[in-house]
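**Q** following is a predicted model, sequence given first.
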Amino acid sequence: QVQLVESGGGMVQPGGSLRLSCAASGFTFSRYGMTWVRQGPGKGPEWVAVIGHAGTVTYYTESVEGRFTISRDNANNTLYLQMNNLKPEDTALYYCAKGLQGFSGTPYDQKDWGQGTQVTVSL
C-alpha cells in the first residue's frame, strides 16, 4: 500500500523559504519518478516539479522555475522540494505524488498522493 507523508509546510513572508519533505513507503521508491503537486484555494491541481527515478532529470512548471528545486534521497525513500523566494501565489496545499502526474498531459491520480502540507505565503 502506497504511503506518502509530507512535512515542512508553514506560513512565511514573501521572499522567504521552506523545504518540504515526503517520506515514502509501500512501494519501491527508487523505481518511480515522483511529482510535487499543489492545489490552491478554489483551484484544480497543478504539477509543480517532477523528478526521474534516479534523480538526474527534473522539470518545473514555469511559474516556479529558478525558485524551486526538487530532489530525492533513494537510500532513505524521501522526496524534497526546496522553495525559495516564495510569493503569495505559491500559497497552496502541497502534495507529493507517486509517478509523473500532471506532467506532459499524464493524468492525476489522487490515490497516489499524500495528505498534503499547507504552505501559506503572506505578510
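**A** Ah, there it is. Computed from a prediction, not measured in an experiment: that's the story for all the values here.

**Q** the spatially most central residue of the chain: what's it in contact with?
**A** Taking CA atoms, centre = their mean as the criterion, Trp36 is the residue nearest the geometric centre of the chain, at 2.2 Å. Shown in contact with Trp36 (CB atoms under 8 Å, 6 or more residues apart in numbering): 20, 22, 47-50, 70, 79, 81, 94-97. From N, CA and C alone the C-beta is placed, and that goes for glycine too.

**Q** okay if I get the residues you listed as TSV plus distance to Thr56 and pLDDT?
**A** Below are the contacts of Trp36 laid out as TSV (distance: CB to CB, whole Å; pLDDT from 0 to 100):
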residue	distance to Thr56	pLDDT
Leu20	20	98
Cys22	19	98
Trp47	19	98
Val48	19	98
Ala49	14	98
Val50	12	98
Ile70	12	98
Leu79	15	98
Leu81	17	98
Tyr94	23	98
Tyr95	23	98
Cys96	19	97
Ala97	19	98
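
**Q** would you mind listing where the protein has pLDDT under the threshold?
**A** Of all residues in the chain, none has pLDDT under 70.

**Q** quick one, helices of it?
**A** In the chain, no helices are found when defined by DSSP state H.

**Q** where along it do the strands fall?
**A** Secondary structure of the chain (DSSP state E): strands at 3-7, 10-12, 18-25, 34-39, 46-51, 58-60, 68-73, 78-83, 92-98, 117-121.

**Q** related to what we said a few turns ago, what subset of the contacts of Trp36 is buried?
**A** Buried residues within the contacts of Trp36, counting neighbours by 16 or more other CB atoms under 10 Å: 20, 22, 47-50, 70, 79, 81, 94-97.

**Q** hang on, the earlier thing: between the contacts of Trp36, which is closest to Thr58?
**A** If you rank the contacts of Trp36 by distance to Thr58 using CB to CB, Ile70 comes first, at 5.4 Å.

**Q** on that earlier part again, columns distance to Gly105 on top of the strands of the chain, output as a markdown table?
**A** Output for these, formatted as a markdown table (distance: least, CB to CB, whole Å):
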| stretch | distance to Gly105 |
| --- | --- |
| strand 3-7 | 22 |
| strand 10-12 | 32 |
| strand 18-25 | 23 |
| strand 34-39 | 13 |
| strand 46-51 | 10 |
| strand 58-60 | 13 |
| strand 68-73 | 19 |
| strand 78-83 | 22 |
| strand 92-98 | 15 |
| strand 117-121 | 26 |
